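Participant: Build me a structure from this.
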Amino acid sequence: MSYTTACNRLTFRGCYFDLTVGGTSTVGIAGTGATQTPSRVLVEDCVFDADNTGTSGGACLDTSAGKAFLVRNNRFRFSAQGAAVTTYTTFIQVNAGTVGTISDNYFVGELSATAAATSAVLGVTMTANGTLHLYRNIVAAIVTTPFKGFAAGDCDLGLNYIGTVAGGTGGTLITSTT
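Facilitator: Model (predicted):
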């Protein structure tokens, strides 16, 4: 599903996105380019199921440079059961100038022993020119860097946790982005 700047107030509620084909161009919801700036896009109560049997996959959600968007209460799942799968790039991608909130989401995976997801939320060309609110998100231990690619002024973090494996503590508060 793709959209442009003209799609103000676009709403996705209770949708299921089956991303079963490998390849970095396989995306669930995406702006048609990094500079698309729709206002007040809502993505709520959706499931993004990236059951990828290729070697990589595109973001489940790419907000472009959206303004005042809200992404909440969604499930982002990656299954890397295919023998060739080694990594999944990111679940959500945001671009320069993004302003919005990502809250109460679950980023999980069912991965083989050698696979990992690189990031839950990836900032692309974010250089202190956007404001992203990341609140109450749960990120599975299979995600290498939960929030990646942000300058210090780009994010507000609040009560985000990354899980641990069975021998761990059950979760660790995420205190920074990289």
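Participant: Could you export the stretch of helix or strand Thr90 belongs to as CSV, CA atoms only?
Facilitator: Following DSSP states H and E, the helix or strand that holds Thr90 is strand 87-95. Extracted as CSV, the C-alpha positions of strand 87-95 are listed here (Å, rounded to 0.1, in the frame of the first residue of the first chain):
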residue,chain,number,x,y,z
THR,A,87,18.7,-10.5,8.6
TYR,A,88,15.6,-8.3,8.4
THR,A,89,16.4,-4.6,8.1
THR,A,90,13.7,-2.8,10.0
PHE,A,91,10.1,-2.9,11.0
ILE,A,92,9.4,0.9,10.8
GLN,A,93,11.3,3.5,8.8
VAL,A,94,11.0,7.2,9.3
ASN,A,95,12.7,9.9,7.2
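Participant: Quick check: which ranges of this protein have low pLDDT?
Facilitator: Regions of the chain meeting the criterion pLDDT under 70 cover residues 20-26, 51-57, 80-88, 110-115, 128-129, 167.
Participant: in the sheet, who's paired with Ile29?
Facilitator: For Ile29, the beta-bridge partners under DSSP bridges are Leu61.
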